[in-house]
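> Here you go, sequence then predicted model.
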Amino acid sequence: MSKLEDYLQTEWPELDVYLTSVTDHYSTASICGPNSKKILNKLFPNLDLSDENFPHMSFKEDKLENINCRIMRISFTGELSYEINIESKYGHSLWKMCIEAGKEFNLTPYGTETMHLLRAEKGFIIVGQDTDGTMTPSDLQMDWIVSKKKYDFIGKRSLYRSDTIREDRKQLVGLLTDDPKEILEEGAQIVSDVKSKPIDMLGHVTSSYFSPNLNKSIALAVVRSGKTMKGQKLIIPMENKNINVTVSDTIFLDKENKRLNA
Amino acid sequence: MFLINCPFCGERDQSEFSSGGEAHIVRPKQPTELSDDEWAEYLFMRKNIKGIQFERWNHVHGCRKWFNIVRDTSNDKILSVYKMGEKPPVNYK
Amino acid sequence: MLDILHPNISNINKNNIDINLSEEKIKINIRGKNKEFFTKVGKILSIILPSESNTSSSNENYDVLWLSPDEWMIYFDENKNSNIFDQLYKDISSLNFGSITDVSSQLICINIKGENIFELLSSGSPFNFEKFKNNVGSSTQTIVNHIDVILHHKSKNNVNLFVRRSFSEHLYEWLVDSSNFV
């Protein structure tokens, strides 16, 4: 918000816009999984949850016992998923009601580590972990997110500087270890050849987990010219051994997004 | 540590403020028309003067307003404070 | 009705400092600069928005704090007039005369009173309280123990401190601890 405030006050002060933080005003509960629609229906019986009325990436307003809520259909786990915002003094009540409504569906709380694993299986990035300030949407294979219609937006011109259009930039890829039980170290360097010295560094591992869903190790990494390297063998040199990996797609699970609409 | 005279709240300790770097760098109206060099000039190039410098500051832990100051970077003396959109004082040019 | 959970802030009294959670309070952030905005606010609240920095206006129902040249915060007890937000929103936000935002749960009000409160606040803040403590009605935004706060000198040696909800218990713990050293 401070960056927006900066632009508003110094570059575009003529805009009729005010910025007020409500971050702490709301608490959020996220309900994920194939039964989440049924649980939502118990909490908000008057809300039409059909895919036509309430598709993925849309939001509705409704009331929980007279208290206003904002309900978003959005997913960071890759599952059918809803996020409910409520004024934060009612956050604890909302939580208890979700747990109660979910009992018959074996609802269970999940922590951030679970969330991080689930999103990595889907190839969803964490800004600051899988990216740093130098990466562009194109480096992340997320060109779809950038508008081609707008004449200008903050950062547009920088997307086609000679440096940002280089083809040998570090780009986001998936890595699969040849030994599916071997879990890579986050931050480990990636090379293609350990014989010629000095060893040429191609990139590093940004996220790494053992995926129980896939019963194998998965990782995200940024690798020089990674976009064109799918299927290529690379090496992660560690202190006592070299780990052999293969460059893969960044999406490891449910490429067709079937779970989002379960 | 030094005091800054916020043009809206009055004199406050520096720890209530954050610095926004060199002032009076105008965002180009048509960035798409610019060459790489011209865009880099806007985006990256800053003077970083030892001596009298025109700077942007934000009263981030107060009224959240941005404003400009003229500061002598060699001794941290603040010579002038003026609001966004106002012309810099001529006597320091 | 849904249960309400407030931050875990209990009443503490030591060294002439009395610290209390001061909820239920409605807090409304209001923004605007044009004539219609000031007229509407004045009419609905029967109060003139303070235009001087670091000041406030009060009447029997509302306290209004100056936050910046186009920003104020109104606060009042929840049971006083619960539909005032809707009125302000309808007459100002909806008509684009300004911006009205409910921040009741964004900010937690901690009341601090007693002879030594300014020593306590000074011990963790760069703000110079000399003028502030001699003027009932003064208000300011500053930092206390590195945390952003809004302070309102409600009556002599009686300050309402507003802090973001997620920081409130931590700041409270600091206030309680620091009260031992003034």
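Now that the structure is in, tell me what you want to look at. Numbering: from 1, shown residues only, chains lettered A, B, ... in the order given.
> Which parts of chain C are strands?
C:12-14, C:17-21, C:25-31, C:56-58, C:63-68, C:71-77, C:99-102, C:107-113, C:139-144, C:147-155, C:158-164 (DSSP state E).
> closest one to B:Glu11 among those strands?
Among the strands of chain C, strand C:139-144 comes nearest to B:Glu11, with 12.1 Å by CB to CB. Quick note: C-beta positions are derived from backbone N, CA and C, even for glycine.
> quick check, the closest one touching chain A?
No - judged by CB under 8 Å from any CB of the partner chain, strand C:139-144 makes no contact with chain A; its nearest approach is 13.1 Å.
> For that strand, output the C-alpha coordinates as CSV.
Only the C-alpha atoms of strand C:139-144 are listed here, as CSV (Å, rounded to 0.1, in the frame of the first residue of the first chain):
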residue,chain,number,x,y,z
SER,C,139,-3.9,14.0,19.1
THR,C,140,-1.0,12.6,17.2
GLN,C,141,0.2,9.6,15.2
THR,C,142,3.6,8.4,16.1
ILE,C,143,5.4,5.2,17.1
VAL,C,144,5.6,3.5,20.5
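> Could you give the average pLDDT over that strand?
Mean pLDDT, computed over strand C:139-144, is 98.
> just checking, what packs against it?
The contact analysis (3 or more CB pairs under 8 Å, 6 or more residues apart in numbering or on different chains; DSSP states H and E) places strand C:139-144 against strand C:63-68, strand C:147-155.
> Based on its surroundings, how many neighbours for the residue nearest to A:Leu184 when sequence neighbours are not counted?
Distances taken as CB to CB, 6 or more residues apart in numbering or on different chains put A:Ser208 closest to A:Leu184, at 4.3 Å, once the chain neighbours are dropped. Around A:Ser208 there are 21 other residues, counting by other CB atoms under 10 Å in any protein chain shown.
> so A:Ser208 sits right up against A:Ala219, yeah?
Yes - applying CB atoms under 8 Å, one finds A:Ser208 in contact with A:Ala219, separated by 4.1 Å.
> so what sits against both of those two?
By CB atoms under 8 Å, 6 or more residues apart in numbering or on different chains, A:Ser208 and A:Ala219 have these common neighbours: A:Leu184.
> Torsion angles phi and psi at the nearest residue to C:Asp3 once chain neighbours are set aside?
Excluding the flanking residues, the one nearest C:Asp3 by CB to CB, 6+ apart is A:Ser93, at 4.8 Å. Here is the backbone geometry of A:Ser93 (degrees, to the nearest 10): phi -60, psi -40.
> ok so, going back, of the helices and strands packed on strand C:139-144, which stretch is the most buried?
Per-stretch averages of neighbours, counted by mean count of other CB atoms under 10 Å in any protein chain shown, single out strand C:63-68 among those, with a mean of 23.
> tell me the angle of it relative to strand C:139-144?
Here the directions of strand C:63-68 and strand C:139-144 differ by 70 degrees (axes from the mean of the first three to the mean of the last three CA atoms, to 10 degrees).
> How many neighbouring residues does the residue of chain B at minimum distance from chain A have?
The minimum distance from chain B to chain A, using CB to the nearest CB, falls at B:Pro31 (3.7 Å). The local packing count at B:Pro31 equals 19, with neighbours defined by other CB under 10 Å.
> Could you pull up the residues touching it?
Contacts of B:Pro31 by CB under 8 Å, 6+ apart are A:152, A:156-157, B:39, B:42.
> Could you rerun that using 6 Å?
A:152, A:157 (CB atoms under 6 Å, 6 or more residues apart in numbering or on different chains).
> what do you get for the one 5 residues further on?
Taking CB under 6 Å, 6+ apart, we find B:Asp36 in contact with A:161-162.
> from the stretch 101-250 of chain A, which residue is nearest to chain C?
Using CB to the nearest CB, the single residue of the stretch 101-250 of chain A nearest to chain C is A:Ala101, 13.7 Å away.
> Please tell me how far that residue sits from A:Ile39.
The gap separating A:Ala101 from A:Ile39 is 5 Å, by CB to CB, to the nearest Å.
> what do you get for C:Phe97?
For C:Phe97, the distance to A:Ile39 (CB to CB) stands at 41 Å.
> Comparing those two, which residue is more hemmed in?
A count of neighbours by other CB under 10 Å puts A:Ile39 above the other of C:Phe97 and A:Ile39, at 22 against 19.
> Let me know the pLDDT of that one.
pLDDT, A:Ile39: 97.
> On the C-terminal side of the helix or strand hosting it, identify the next helix or strand.
Applying DSSP states H and E as the criterion places A:Ile39 in helix A:36-43. Where DSSP H and E defines the elements, the next helix or strand beyond helix A:36-43 is strand A:58-64.
> quick one: the following helix or strand past that following strand to chain centroid distance?
Counting by DSSP H and E, the next helix or strand C-terminal to strand A:58-64 is strand A:67-73. Here strand A:67-73 is found 21 Å from its chain centre; the criterion is CA atoms, centre = their mean, to the nearest Å.
> Run me through the strand neighbours of strand A:67-73, direction for each.
strand A:58-64 (antiparallel), strand A:81-87 (antiparallel) (DSSP bridges).
> what does the first one contact?
It refers to strand A:58-64. Contacts of strand A:58-64 (CB under 6 Å, 6+ apart): A:44, A:47, A:54, A:69-73.
> Stretch A:26-35 too?
When contacts are defined by CB under 6 Å, 6+ apart, stretch A:26-35 is touched by residues A:39, A:77, A:79-86, A:88, A:91, A:94-95, A:98, A:105, A:262.
> And the residues you listed, which of them are buried?
If you count burial by 16 or more other CB atoms under 10 Å in any protein chain shown, the buried members of the contacts of stretch A:26-35 come out as A:39, A:77, A:79-86, A:88, A:91, A:94-95, A:98.
> Next, the contact list for B:Glu33, please.
Neighbours of B:Glu33 in contact, by CB under 6 Å, 6+ apart: none.
> where's it relative to B:Trp39, distance?
B:Glu33 is 10 Å from B:Trp39, by CB to CB.
> can you check C:Phe181 too?
From C:Phe181 to B:Trp39 the distance is 54 Å (CB to CB).
> So which bits of chain C are right by chain A?
Contacts of chain C with chain A, taken as CB under 6 Å from any CB of the partner chain, map to C:2-5, C:29, C:31, C:99, C:101, C:103, C:105-106, C:164-166.
> Selection in PyMOL covering whichever of those residues are buried, please.
In PyMOL syntax, the buried subset of those is picked out as below (16+ other CB under 10 Å):
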select buried, chain C and resi 2+29+31+99+101+103+105+106+164+165
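> which two in the residues of chain C next to chain A are spaced the farthest apart?
Maximum pairwise distance among the residues of chain C next to chain A (CB to CB): 32.3 Å, between C:Asp3 and C:Arg31.
> All the strands of the chain, residue numbers only.
The chain I'm using is chain A. Using DSSP E, strands in chain A cover A:26-32, A:58-64, A:67-73, A:81-87, A:170-177, A:189-190, A:203-211, A:216-224, A:233-237, A:242-248.
> wrong one, chain B
Here chain B has its strands, by DSSP E, at B:3-6, B:10-13, B:18-22, B:52-58, B:66-72, B:77-83.
> got the angle between the fifth one and strand B:18-22?
What it means is strand B:66-72. Using the same axes, to 10 degrees: strand B:66-72 against strand B:18-22 is 70 degrees.
> residues making contact with strand B:66-72?
Contact with strand B:66-72 is made by A:9-10, B:7, B:23, B:52-58, B:78-84, B:92, as judged by CB under 6 Å, 6+ apart.
> are any of those residues buried, and which?
Buried residues within the contacts of strand B:66-72, counting neighbours by 16+ other CB under 10 Å: A:9-10, B:7, B:23, B:53-58, B:78, B:81-82.
> In chain C, which helix is the longest?
Criterion DSSP state H: the longest helix present in chain C is helix C:165-178.
> That helix relative to strand C:139-144, how many degrees between them?
70 degrees.
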